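Student: make a model of this:
(chains A, B, C and D)
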There are 2 protein chains.
Amino acid sequence: MTYSIKAVAEKTHLSIYTLRFYDKQGLLPFVSRNQSGYREFTDADLQLLHTITCLKNTGMKIADIRTYIEAVMVGPSTIPTRQQLLAAHREAILAEQRKILANLKEIDFKLNIYNAPKAAQIITAERQYAKAEKLANQLPDPYPELPVASEKVHRD
Amino acid sequence: MTYSIKAVAEKTHLSIYTLRFYDKQGLLPFVSRNQSGYREFTDADLQLLHTITCLKNTGMKIADIRTYIEAVMVGPSTIPTRQQLLAAHREAILAEQRKILANLKEIDFKLNIYNAPKAAQIITAERQYAKAEKLANQLPDPYPELPVASEKVHRD
DNA sequence: ACTTGCCCTAGAGTGTTGTCGAGGGTTTAT
DNA sequence: ATAAACCCTCGACAACACTCTAGGGCAAGT
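Tutor: Numbering: from 1, shown residues only, chains lettered A, B, ... in the order given. Take a look at the predicted model:
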């Protein structure tokens, strides 16, 4: 049993365009063509494509995925190479995860302020500080004046 | 005390080009200019810039960061908006983290195979299976023949 | 006055990853 | 044999996030 490019697109949630693009980029040298020149994907091909999407989803560049795939095509002699490539990528992922987590913590800190009961006071105070700093440095103040909270002004 | 664009670039590890690009994209409406038209960053500006890099580092698009910054400029009335923006982004980050972790597990699985003592056998078997599958489907075999491991062939 | 080293803008160029249209062949059903 | 629904390549286009160049202004030191 083999799969047409359309079937593979549906299975993998990659577009047909993307699959062809990947092939053009040398990511799919293992996909054979039938006598009409159509791509026919085998199950083993899907396995490899799955590995490719794993690498892509974790942020590996297409050029680096190609390097890995090229090693796969060569055969078992390249196992040490593949090992190194994946191990290095693994470390890159972990480093990126750590970075994102650190940034996430800061976003959570901001969210906590916004969720605090005194949020409006805190934010207003920060704004006042920023405005004062501009003034102290003789710089134009980019912050617009706040509309006055004129409660129930309906004279006449 | 204020900071020149060069000083900010060094502090933030963003290039001067990037800072100007961000300004052009509307990410830095809070940065004032001095009488010569030069940008002067205050400490409060650096705080906001830091928030921007947090959002950028966690994958937020520039257009969305701009939306957030625009809300900040308006004032405390937009606290609910900012809350929603950050909360949604927070969820997007967590979803992405989960996806990456799932993919990382698969990469680790591959790495374990490569690190196994029987790695060469396993890989060779997989390769043989892939080749057989091509054959069974009357497709050309894209895998090259492996060089024979001719041990010590030095006749004459 | 002149050099050096900053700063500015506008707009062109780059790298990456797709996305699509044109033009054309194949397969299947009617 | 003709239509519908596939498939192909090639090359243009696009979105995104920079990166740089050209041309010019400003500020400090010699």
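Student: what's the domain layout of chain A?
Tutor: Using automatic domain parsing, the domains assigned to chain A come out as A:1-74, A:79-137.
Student: is chain B contacted by the last one?
Tutor: Yes. Interface with chain B: domain A:79-137 contributes A:79, A:82-83, A:86-87, A:89-90, A:93, A:96-97, A:99-101, A:103-104, A:106-108, A:110-111, A:114-115, A:119-120, A:123-124, A:126-127, A:129-130, A:133-134, A:137 (CB under 8 Å from any CB of the partner chain). In short, each C-beta sits where N, CA and C put it, glycine included.
Student: buried only: go through those for me.
Tutor: Listed as buried from those are A:79, A:82-83, A:86, A:89-90, A:93, A:97, A:100, A:103-104, A:106-107, A:110-111, A:114, A:119, A:123, A:126-127, A:130, A:133-134; burial here means 16 or more other CB atoms under 10 Å in any protein chain shown.
Student: what about these, which are in helices?
Tutor: In helices, judged by DSSP state H, the following of these are found: A:79, A:82-83, A:86, A:89-90, A:93, A:97, A:100, A:103-104, A:106-107, A:110-111, A:114, A:119, A:123, A:126-127, A:130, A:133-134.
Student: give me the residues contacting stretch A:80-99.
Tutor: A:55, A:58-60, A:64, A:67-68, A:71-72, B:57, B:97, B:100-101, B:104, B:107-108, B:110-111, B:114-115 (CB atoms under 8 Å, 6 or more residues apart in numbering or on different chains).
Student: what about the helix or strand hosting A:Ala63 and chain B, any contact?
Tutor: Using DSSP states H and E, A:Ala63 maps to helix A:62-74. Yes. Applying CB under 8 Å from any CB, one finds helix A:62-74 in contact with chain B at A:Met73, A:Val74.
Student: so what's the spatially most central residue of chain A up against?
Tutor: What sits nearest the mean C-alpha location of chain A, by CA atoms, centre = their mean, is A:Gly59, with 6.8 Å. Contacts of A:Gly59 were listed using CB under 8 Å, 6+ apart, and they are A:Ala92, A:Ile93, A:Glu96, B:Ile100.
Student: my read: A:Thr51 touches B:Lys110, true?
Tutor: Yes. Counting by CB atoms under 8 Å, A:Thr51 touches B:Lys110, with 6.7 Å between them.
Student: circling back to that earlier point, next, the residue nearest to the centre of chain A: secondary structure please.
Tutor: coil (DSSP: H, G, I helix; E, B strand; the rest coil).
Student: could you tell me the phi and psi values at it?
Tutor: phi 90, psi 10 (degrees, to the nearest 10).
Student: tell me the spacing between it and B:Ala92.
Tutor: Distance from A:Gly59 to B:Ala92, counting by CB to CB, to the nearest Å: 16 Å.
Student: can you check A:Met60 too?
Tutor: 21 Å.
Student: who in chain A is up against DNA strand D?
Tutor: A:Ser4, A:Ile5, A:Lys6, A:Ala7, A:Ile16, A:Arg20, A:Asp23, A:Gly37, A:Tyr38, A:Arg39 (CB under 7 Å from any atom of the strand).
Student: and if we set it to 10 Å?
Tutor: For chain A, the residues in contact with DNA strand D (CB under 10 Å from any atom of the strand) are A:3-10, A:16-17, A:19-21, A:23-24, A:31, A:33-34, A:36-41.
Student: what's stretch A:28-37 in contact with?
Tutor: Contact with stretch A:28-37 is made by A:19, A:22-23, A:39-42, A:44-45, A:48-49, A:52, A:69-70, A:72-73, B:130, B:134, B:139-143, as judged by CB under 8 Å, 6+ apart.
Student: among these, name the buried ones.
Tutor: With neighbours counted by 16+ other CB under 10 Å, the contacts of stretch A:28-37 contain buried members at A:19, A:22, A:39-42, A:44-45, A:48-49, A:52, A:69, A:72, B:130, B:134, B:139, B:142-143.
Student: just the ones of the residues you listed in helices?
Tutor: Under the assignment DSSP H, those contribute A:Leu19, A:Tyr22, A:Ala44, A:Asp45, A:Leu48, A:Leu49, A:Ile52, A:Ile69, A:Val72, B:Ala130, B:Lys134 to helices.
Student: quick one: which of those residues is nearest DNA strand D?
Tutor: A:Leu19 (7.7 Å; CB to the nearest atom of the strand).
Student: give me every residue that touches A:Met73.
Tutor: A:Pro29, A:Phe30, B:Pro142, B:Tyr143, B:Pro144.
Student: please consider this matter closed, and thank you.
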